[in-house]
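1. Fold the following and give me the result.
(4 chains)
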2 protein chains.
Amino acid sequence: MTQTVDRALVILASLAEGPASLEQAANRIGVHKSTAMRLLRTLEEHGFVHRQPDYRYRLGGRLFSLAQLALESIDVRVVAAPHLAALNERCGHTVHLAVHEDGEVTYVDKLESRYPVRMYSRIGKRAPLTASAVGKVLLADLPEARRREVAEALEYPAYTARSIRTPEALLEELAQVREQGWAVDRSEYEETVNCVAVPIRGIDGRVIAACSISTPTVVAPVGTLRRLIPDLLDTAAAVSLEYGGGRG
Amino acid sequence: MTQTVDRALVILASLAEGPASLEQAANRIGVHKSTAMRLLRTLEEHGFVHRQPDYRYRLGGRLFSLAQLALESIDVRVVAAPHLAALNERCGHTVHLAVHEDGEVTYVDKLESRYPVRMYSRIGKRAPLTASAVGKVLLADLPEARRREVAEALEYPAYTARSIRTPEALLEELAQVREQGWAVDRSEYEETVNCVAVPIRGIDGRVIAACSISTPTVVAPVGTLRRLIPDLLDTAAAVSLEYGGGRG
DNA sequence: CTCCCCGTTGCGCCCAGTGCAACGGCTCTC
DNA sequence: GAGAGCCGTTGCACTGGGCGCAACGGGGAG
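-> I've put the predicted structure just below:
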C-alpha cells in the first residue's frame, strides 16, 4: 500500500536472514543506498534495528519488548466469539470460554443452550480449578513445578460425591489431561452437570484459555458429550490459529 | 527521518498498549484516519499487525517470528570486540570469547597478553567443556535436566592432576558457578594455566557466550586472577547490554 | 601517496503520501 | 421502521516529502 513503509518492512524482514551492511541492505530490496539509509535510520531510532560497531545493521531489541507486550494485549474473547457461536449453533449446548485468574476459573464468554433444561452460569462467574473441566485444562499446561505448587495450595471441598479431594488425585488427572488433550467433569462440581473442555493455545504454544461444552446430565450423558470432543477440538484449533495471526 | 515510516512505527508501538480501532489509532499519532488506515494496511500485509473480527487492530504474529530469528542472527563477536579490547588494555592478560558448540568450547575471539610469558591459543581452537572456566560457565546455564544429560555424556580425561573426573563433581561445581556468577579453572586443563570466566547473556537472559581472562601460573596466581573478576563482570555486563540493543 | 570502498550529505525532481469529503453499512433510538 | 450518528472505506486533487543522483570524506590497503 504505502511504498515507504512497505520498503522499510521488507528491509526489516531481510535483516532476519542475518546482519547486513548498508549496501547489502539496499541491494536486497533494490533501492538506492541513500534511500536504504534513511529507512534504516528511522528503524534504528525506534529500536527495531540496531547498529553494530562494524556499521552493519541487525534486528533490534524493540522487537522483543513488542513481542512480549503483544502476548499480553491480545483479547481472546473477540477472536474466539464467532467460532464459539458456530460451535453453539452446531451442537446446541452451552458453550463456555474461561481463563485462569487468581487461583480460580473465570468464565469470560458464554453461549446459551437451545435445550429447555439449562445449567446456570453467566459471564464473569468464577468456578474452582479443581472441580471443572476448564480448570483442569488450564492447570494441566502449567510447568511441572508450578503445577505441583498450585495443587498443594488449593482447597478440595466435596462439592459432590465425585469431587477430587487430594492434590495427588488432581495431579494424576492433570497428567491424563495433558496426554489426551482434553478434560472432562463428571458431576464433580454440580451433581446435575457434565462438561468437556479443551485448551486454546497462544502464539507461544502455551494455553491461554479453555473452551468447553456443558450439559445437564438429563440432557446428555458423558458418552454423548465425548462424541462432541472432535468438534470442540476443531473449534479450539481454529481460535488458536487465528489468535496467532496466521503467522508466528 | 522518513515521516511515513516514523508514523507507521509509532502506530505499531501504540498498539502495544492494547488493541485499537482505526480512529483510536489515528488519534494516537495525530493523523487523518485515512492515513492511519493506509499505514495499518501495509503493516497488516506484512503481518506486523493483525485485524480482529471486531475490526480492531492488534500486534501481529510476525513480531514473534522476527524476534525469534533475531536471537539467532546476532553476531556476538562484533558486539563484544571493543569491550574485550578495553579489558585487555586494562589488565594486560589474555582475553578470550568462547561459545558452546557441539559438546565443546570454541574460542571465537582472542586478545593477546602483553606479558612475555603467554599461553598458547588461537581463534577457532576448541577446548573441553569439563576442564575450562568458559566451559563451566556455558554449561552452568543449561536447564537442570539438559545439564545432567550433557554431564553424563561427556568424557573426563585427566588432563592434569586437578581435572574434574566425574559427572557428579562437575554438576556440583556447576551449581557453585550458577550461584556465584563466575567460574575458575585452576590448572585443570593445562598444568601451567589458570583462568576465570563470566557469562555473557542474550536478550532473553540466557547465556550465549563466555568471556575469560587466562594467565600462566608463573605470571599470576589464582588469587591475583580473582581480583580481576569485578572488571571481567563489568565487561560482560556491558556486552550483554549492548547486545540487547539497549532495549528489550 | 594514491586508490578504492563505503557511509554520508546536499539537491532538485516528481511521485507518492496526505487530508478532505462523500459514500455505505451498521447499530441505536425514538 | 425511519432517521441519525458512528465508523470504516474510497476517489480525488494538492503538495510535501521521499527519491535517486552525484559529490564529499574518511579509513584501509597496496
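2. List the buried residues of stretch A:80-95.
-> Buried residues in stretch A:80-95, counting neighbours by 16 or more other Cβ atoms under 10 Å in any protein chain shown, are found at A:80-81, A:83-84, A:86-88, A:91-95. Placement of C-beta: from N, CA and C, glycine included.
3. same deal with stretch A:35-55?
-> Neighbour-count burial for stretch A:35-55 [16+ other Cβ under 10 Å]: A:35-44, A:46-50, A:52.
4. can you tell me which residues contact A:A67?
-> Neighbouring residues of A:A67 by Cβ atoms under 8 Å, 6 or more residues apart in numbering or on different chains: B:59, B:63-64, B:66-67.
5. per-residue confidence for the one residue in chain A that gets nearest to DNA strand D?
-> Closest contact between chain A and DNA strand D, by Cβ to the nearest atom of the strand, is at A:T35 (2.9 Å). Per-residue pLDDT puts A:T35 at 94.
6. and whichever helix or strand it is part of, is it in reach of chain B?
-> Using DSSP states H and E, A:T35 sits within helix A:33-45. Yes. Counting by Cβ under 8 Å from any Cβ of the partner chain, chain B has neighbours in helix A:33-45: A:38-39, A:41-43, A:45.
7. before we move on, back to that, lowest-confidence entry in the buried residues of stretch A:35-55?
-> The model is least sure about A:Q52 among the buried residues of stretch A:35-55, giving it 82.
8. rewinding a little: where does the closest residue in space to the residue of chain A closest to DNA strand D that isn't next to it in sequence sit, in terms of helix or strand?
-> Distances taken as Cβ to Cβ, 6 or more residues apart in numbering or on different chains put A:A26 closest to A:T35, at 7.1 Å, once the chain neighbours are dropped. Taking DSSP H and E as the definition, one finds A:A26 inside helix A:22-29.
9. and what of A:A210?
-> strand A:207-216.
10. elements contacting the next helix or strand after that strand?
-> Next in sequence after strand A:207-216, counting helices and strands by DSSP H and E, comes helix A:222-226. Counting contacts by 3 or more Cβ pairs under 8 Å, 6 or more residues apart in numbering or on different chains; DSSP states H and E, helix A:222-226 packs against strand A:183-186, strand A:193-201, strand A:207-216.
11. end to end, how far does stretch A:11-21 reach?
-> 12 Å (Cα to Cα, to the nearest Å).
12. Centre of the chain to it, how far?
-> Relative to its parent chain, stretch A:11-21 has a centroid offset of 30 Å by Cα atoms, centre = their mean, to the nearest Å.
13. Quick one: mean pLDDT over it.
-> Rounded mean pLDDT across stretch A:11-21 is 90.
14. just to revisit the earlier point, how many degrees apart are the helix holding A:A26 and helix A:33-45 in direction?
-> 100 degrees (axes from the mean of the first three to the mean of the last three Cα atoms, to 10 degrees).
15. for the closest residue to A:C211 other than its chain neighbours, what are its contacts?
-> What sits nearest to A:C211 in space, not counting adjacent residues and going by Cβ to Cβ, 6+ apart, is A:A236, at 5.1 Å. With contact set as Cβ under 8 Å, 6+ apart, A:A236 has these partners: A:198-201, A:211.
16. Okay, now the unreliable bits of chain A?
-> A:71-74, A:102, A:115-124, A:245-248 (pLDDT under 70).
17. Can you report how many residues lie near the residue of chain A found nearest DNA strand C?
-> Proximity of chain A to DNA strand C (Cβ to the nearest atom of the strand) peaks at A:Q3, 2.8 Å away. Neighbours of A:Q3 under the rule other Cβ atoms under 10 Å in any protein chain shown: 9.
18. And it, how close does it get to B:V5?
-> To B:V5, A:Q3 is 10 Å away according to Cβ to Cβ, to the nearest Å.
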